[in-house]
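> Build me a structure from this.
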Amino acid sequence: MATIKARRGLDLPIHGAPSDAAVVDRLDVNRVALLPQEVLGAKVRLLSQEGDTVQVGTPLMCDRRDEAALFTSPAAGKITAIHRGKRRAVLSIVVEATGYDDAVPFHPVDVSAATRDEVKQALLGSGLWPTIRRRPFDRVAISTDEPAAIIVQAYDSSPLAPDLTEVVAGRDSDLKVGLAALRKLTDGLVHVAVKDGVRWGRFLDDGIQVHQFRGPHPAGTAGFSIHSLCPAGANRTVWHVGVQDVADMGRLLRDGKRPTERIISLGGPAARSPKIVRTRPGADLEQLCLGEVEASQPRFVNGSAIWGNTASFEEHTGFVGRWNTQVTVLEDGVSRDLIGWALPISGRYTQTNTVWDKFFRKAFKYDTDTNGSLRAIVPIGQYESVMPMDVLATQLIKALAAKDLESAEKLGVLELSEEDLALCQVVDPSKVPITDWLRDMLTTIEKEG
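Numbering: from 1, shown residues only. Have a look, this model is predicted:
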């Protein structure tokens, strides 16, 4: 197995990591939801209506851009609400669960004997196809794509993330079938990205390669894996999928069992007792986090604290996201300190060694305060210090700020997603919304073709 090292990056010392790898069951969730706005640019077509009774696997919606890929119910029960936002965009489809055993029948598929179309149709109709995403644009893979390669991400270096190797421990049979299914979907290779020291040679097969990654974050991200193994571009599509989703695919194709469980990390500076939990896909965070929060004004983040999306109960998006393996809880009720910027010991982390806390603390209780307002971009080498990819970070960020599409494309913007520039935003002294600029740029490029 090849070993690939990220020579630049940053492991943020965020307080709130689970202290025990043991998985705690939190399966007593009776409300789950789909979040259509996770599917970037989705043009939602509802396939079920409020009040309908559904089973696990009942189609709830599809994206008009690729109607073959169905988004299905994660629970059996009744659709109690379809929440809409601006311009009637669907924010969430909420199912009041009565159980998780009543499922739409699925006939197992012999992957070794099946054709590409048979495997593809099985995944498209089952609701598991949307677990596969594509670069460029980091949107759900298009069913008519011909990917140059598929990356299976079995290593997550994000702060507070669970050990994905432990998450899928004991699921070797499911993983082998899932990897064989992915191998059917591409003429290229299936690359499995694992943490350095993890021995996954047992999954090596014709067309499947295992690679070890080491170094600081973002060594364990899909973006860095794609950049290192098979860079994406305007004329080259690369798919990526999480290892837990691959195991779910394998179980579905092998036994016909639809996935009704998901293992995630529940932690963060405002979490009372960080832990690894087994819960339901799309679980209601209000139920899942009951008694788990010690903040006066908590903010729930779907994903990592540095690149995740806010899960808002007011906006009806307070549910576990489809692709997330962690939920981070932060303190949102922050107050300004008098001359806080000048205090040598303030409880805040600094990459530039401007306060002393860095030398005395092992972890910091981050909150949602930006510790400053917007200001001009100052190129002092901060971006480059955390960017392990072969990307001119400062020049790219300036192109994003100027909305210079041509320069951004030349500088590699099509290869990136929010998680790839998240560290640049964290260490940025200018407080500018780099990841928002990136998404706006990718959306514009995709619309203009």
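> Which parts of the stretch 301-449 of the chain are strands?
Ranges of strands within the stretch 301-449 of the chain are 309-311, 326-331, based on DSSP state E, counting those that start in this stretch.
> Can you tell me which of these is most buried?
Per residue and on average, the most neighbours among the strands of the stretch 301-449 of the chain fall to strand 326-331, with a mean of 26 (mean count of other CB atoms under 10 Å). C-beta coordinates here come from the backbone N, C-alpha and C atoms, glycine included.
> In the helix or strand that contains residue 248, which residues are buried?
Assessed by DSSP states H and E, residue 248 sits inside helix 243-255. By 16 or more other CB atoms under 10 Å, the buried positions in helix 243-255 come out as 243, 244, 245, 246, 247, 248, 249, 250, 251, 252, 253, 254.
> between the residues you listed, which is nearest residue 85?
Distance to residue 85, by CB to CB, is smallest for residue 245 among those, at 27.1 Å.
> Leaving out chain neighbours, which residue sits closest to that closest one?
Excluding its sequence neighbours, the residue lying closest to residue 245 (CB to CB, 6 or more residues apart in numbering) is residue 131, at 3.8 Å.
> so that neighbour sits right up against residue 323, yeah?
Yes. Using CB atoms under 8 Å, residue 131 makes contact with residue 323 at a distance of 7.1 Å.
> shared neighbours, those two?
242, 245 (CB atoms under 8 Å, 6 or more residues apart in numbering).
> Identify the residues contacting the helix holding residue 248?
Residues outside helix 243-255 that contact it (CB under 8 Å, 6+ apart) are 106, 108-109, 111, 119, 122-123, 126, 128, 131-132, 152-154, 164, 167-168, 171, 173-182, 192, 257-259, 262-263, 323, 325.
> quick one: terminal-to-terminal distance for stretch 135-142?
End-to-end distance for stretch 135-142, by CA to CA, to the nearest Å: 11 Å.
> Please spell out which residues along it are buried.
By neighbour count on 16+ other CB under 10 Å, the buried set for stretch 135-142 is 135, 136, 137, 138, 139, 140, 141, 142.
> In strands, which of those fall?
Counting by DSSP state E, the part of these found in strands is 135, 139, 140.
> can you pull out the helices in the chain?
Per DSSP state H, the chain carries helices over the ranges 116-126, 164-167, 172-184, 222-229, 243-255, 285-288, 382-385, 393-401, 405-410, 418-427, 434-448.
> Identify the residues contacting the residue lying closest to residue 385 once chain neighbours are set aside.
In space, residue 385 comes closest to residue 8 once its chain neighbours are excluded; the distance is 6.1 Å by CB to CB, 6+ apart. Residues counted as contacts of residue 8 (CB under 8 Å, 6+ apart) are 216, 384, 385, 386, 387, 388.
> what about 10 Å?
Counting by CB atoms under 10 Å, 6 or more residues apart in numbering, residue 8 touches 215, 216, 218, 219, 384, 385, 386, 387, 388, 389, 393, 423.
> Adding pLDDT, distance to residue 447 and neighbour count, write those out as a markdown table.
What follows is the contacts of residue 8, written out as a markdown table (pLDDT from 0 to 100; distance: CB to CB, whole Å; neighbours: other CB atoms under 10 Å):
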| residue | pLDDT | distance to residue 447 | neighbour count |
| --- | --- | --- | --- |
| 215 | 97 | 35 | 18 |
| 216 | 97 | 35 | 18 |
| 218 | 97 | 27 | 30 |
| 219 | 97 | 33 | 24 |
| 384 | 95 | 31 | 14 |
| 385 | 94 | 33 | 16 |
| 386 | 96 | 30 | 24 |
| 387 | 96 | 27 | 21 |
| 388 | 96 | 30 | 23 |
| 389 | 96 | 25 | 21 |
| 393 | 95 | 25 | 24 |
| 423 | 96 | 28 | 29 |
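> With respect to residue 42, which of the residues you listed is nearest?
Minimum distance to residue 42 across the contacts of residue 8 is 26.0 Å, recorded for residue 218 (CB to CB).
> per-residue confidence for the residue lying closest to that closest one once chain neighbours are set aside?
What sits nearest to residue 218 in space, not counting adjacent residues and going by CB to CB, 6+ apart, is residue 224, at 5.0 Å. Note for residue 224: predicted pLDDT of 98.
> Please consider this matter closed, and thank you.
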